[in-house]
Structures are given as structure tokens and as C-alpha cells.
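Enquirer: Quick one: sequence and predicted model below, then my questions.
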Amino acid sequence: MAIAFPHFLTSEKPAVVSPSTSSETQIAPAALSQDELKKIAAYKAVEYVESGMVLGLGTGSTAKHAVAKIGELLRQGKLKNIVGVPTSKMTHEQALSAGIPLSDLDQHPVLDLAIDGADEVDPHLNLVKGRGGSLLREKMVEGACSKFIVIVDESKLVNHLGATGQAMPVEIVPFCWKFTAERLQGLFEYAGCAAKLRTLNQTGEPFVTDNGNYIVDLYFKSELGDLNAASDKILRLAGVVEHGMFLDMATTLIVAGELGVCVREK
Ligand SMILES: O=C[C@H](O)[C@H](O)[C@H](O)COP(=O)(O)O
């Protein structure tokens, strides 16, 4: 069931721009699928892309719609001189097929704009990311952008990060992963934390990130409290590479829901 837009979102107008007919404005039909909502948010974000920009290209089922749309606009000549910096091997492949010229942070250490999805978004635009396994490159690329637009369907909105019972991913080195997982769990005993190594469904083998690392998913029974303190504690642990809390990084949030599209600038 759709949740009403929380009070922290400022509705631009109670309507959506249809991805297929971008000149028309229409009231969103009640029965849009989650993927259609993701596409609407993604297409809205692509309206911020201008010719000549260096773009951080996000990863996941929402970001892929933005990457596809940017490729389409390039092919149509409506965008020119775009350079993309992908946040995963998967996005690299998609962007190459879509005809987007690619680069990296070594060549382009400052980016104009990144567009990416998220697993959770709180009222301060703090995020959980990485349930698809791409958090490290995402954090590096999105941290180098002047503007970072987060695109989500309304199911991703939460009041407190980590209090949903869903995974908070942490990328760790494979060396003695059990030791690191136990240490991570111990850090958050007060929140009833359970740490689980992410594995592949088919084989039970550890999931390996694009960087050759493992992911430990943290599940909390109660709120984490101070997120910056939690972040610092995780990052101080030897064996941890990065975590999926993106604190104070997003500059703009675009949410698509049954009531329409909301845009919130931080
Ligand atoms: O690791 C994956 C990324 O952080 C994604 O951006 C995030 O999981 C959201 O993915 P989706 O748009 O598929 O829900």
C-alpha cells in the first residue's frame, strides 16, 4: 500500500511528467508499478543534466532508467559532450552499450552531477545504499560530485535509517571475515545487531564486490542513535572498507509515488 508523502517533502506539483510523453503533465494513475515509479523519478532527474556535464552514473534498478535515458538523449543529439563516471561494473557495461563516453575519477576528480537510487532515505536526506553490492564506488564517485540527486519510489522513505529491519551493508576485506563480522555485531549490541555475511543464493558462496571484497549485512532490532557516531565506529574497525550509510551527501531528493513526483533540495 502506498504511504502518503511525509511532511518533509515539498511537493513541486501533484502531478507526474510521463516518461513517454515528456511534454504532457498528467495525474498519476493509481496502479503504477514500482518500476514505473522508479522510471518517473529517474526521468525527472535527467532533466537536470546539461550538455558538457561530467556525470556520476549510479547503480541499481532505479539508476538504470536514468542511464538509459541519458544514452537516448545523446543519440537524439539533445545532449552533447557528456562524460559518465560509472559506479559499478554493471553500470559501466550498461553505459557503454548506451553509447555514453566514459571516464573515471583519476581523469575527472570533480564531477558536476550524480544520479543514483537508494535503499532508504531519511528526512535529512541521509541514505542507506549498497543492498545491490555497489556502495564503495558509489560513495567515491558521489562524494566527488557538486550535486547528488537521489531518485527513489516512495517505498524507500523512512523515519530512521536502519530501523526498518532491512540490511545495512558493510564492505569488508575477505581476510578473517568472521572476525570482522563479530566485531561489527559487537559494536551495535545495544541495537540488537545481527551481522550476516552476504552469500549467493545459488551456491552459498560469499558475494564478492566489484573490488574483490565481501559484504556483511547488519540487521538492527532498534534505532542506531547518532548516525555519525555509528559511522565513525564502523570505519575505525580494521578490516572494514566502507559502509552503506551515506550521511550528508545527497543534495536533492526526487521521490515518485502514487500522488506524483516530489523534489526536495537540501
Ligand atoms: O548497491 C546498490 C546501490 O546502492 C543501489 O543504488 C541501491 O541498492 C538502490 O537500488 P535500487 O534502485 O535497485 O532499489
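Expert: Structure received.
Enquirer: show me what contacts the closest residue to residue 34 other than its chain neighbours?
Expert: Leaving aside its sequence neighbours, residue 34 sits nearest to residue 153 (C-beta to C-beta, 6 or more residues apart in numbering; 5.4 Å). For every residue, glycine as well, the C-beta is placed using N, CA and C. Shown in contact with residue 153 (C-beta atoms under 8 Å, 6 or more residues apart in numbering): 34, 37, 38, 41, 62, 255, 256, 257.
Enquirer: ditto for residue 114
Expert: Contacts for residue 114 (C-beta under 8 Å, 6+ apart) come out as 55, 56, 57, 58, 87, 141, 142, 145, 147, 148, 149.
Enquirer: Find the helix or strand that it is a member of.
Expert: Using DSSP states H and E, residue 114 falls within strand 111-116.
Enquirer: so does that strand get close to the ligand?
Expert: Yes. Counting by C-beta under 6 Å from any ligand atom, the ligand is contacted by strand 111-116 at residue 116.
Enquirer: Quick one: distance of that strand to the chain centre.
Expert: With C-alpha atoms, centre = their mean, to the nearest Å as the basis, strand 111-116 stands 11 Å off its chain's centre.
Enquirer: Partner strands of it and their direction?
Expert: strand 54-57 (parallel), strand 145-153 (parallel) (DSSP bridges).
Enquirer: Residue 257 and residue 38 touch, don't they?
Expert: No. Using C-beta atoms under 8 Å as the test, residue 257 is too far from residue 38 to be in contact (11.1 Å).
Enquirer: pLDDT value on residue 133, please?
Expert: On the pLDDT scale, residue 133 is placed at 96.
Enquirer: From the ligand, how far out is it?
Expert: 5 Å (C-beta to the nearest ligand atom, to the nearest Å).
Enquirer: what separates the nearest residue to that residue once chain neighbours are set aside from the ligand, distance-wise?
Expert: Spatially, and ignoring its direct neighbours in sequence, residue 133 is nearest to residue 209 (5.4 Å; C-beta to C-beta, 6+ apart). Separation of residue 209 from the ligand (C-beta to the nearest ligand atom) stands at 9 Å.
Enquirer: List the contacts of residue 50.
Expert: 79, 112.
Enquirer: A helix includes it, no?
Expert: No. Counting by DSSP: H, G, I helix; E, B strand; the rest coil, residue 50 falls outside a helix, being coil.
Enquirer: From here on, call the first residue 839.
Expert: Sure, I'll start numbering at 839, so the last one becomes residue 888.
Enquirer: As CSV, the strands paired with strand 949-954 with distance to residue 1058 and mean pLDDT would be great.
Expert: Putting these into CSV (distance: least, C-beta to C-beta, whole Å; pLDDT from 0 to 100) gives the following:
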stretch, distance to residue 1058, mean pLDDT
strand 892-895, 29, 98
strand 983-991, 21, 98
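Enquirer: Ok, which of these comes nearest the ligand?
Expert: Nearest to the ligand, of all the strands paired with strand 949-954, is strand 983-991, at 7.3 Å by C-beta to the nearest ligand atom.
Enquirer: Just send the contacts of residue 952 back as CSV, with neighbour count and distance to the ligand too.
Expert: Below are those laid out as CSV (neighbours: other C-beta atoms under 10 Å; distance: C-beta to the nearest ligand atom, whole Å):
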residue, neighbour count, distance to the ligand
893, 29, 15
894, 29, 12
895, 28, 11
896, 30, 6
925, 27, 8
979, 27, 11
980, 26, 10
983, 21, 14
985, 17, 17
986, 26, 12
987, 28, 12
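Enquirer: and those residues as a markdown table, adding distance to residue 1038?
Expert: A markdown table is the format used below for the contacts of residue 952 (distance: C-beta to C-beta, whole Å):
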| residue | distance to residue 1038 |
| --- | --- |
| 893 | 31 |
| 894 | 28 |
| 895 | 25 |
| 896 | 23 |
| 925 | 21 |
| 979 | 25 |
| 980 | 26 |
| 983 | 31 |
| 985 | 35 |
| 986 | 30 |
| 987 | 31 |
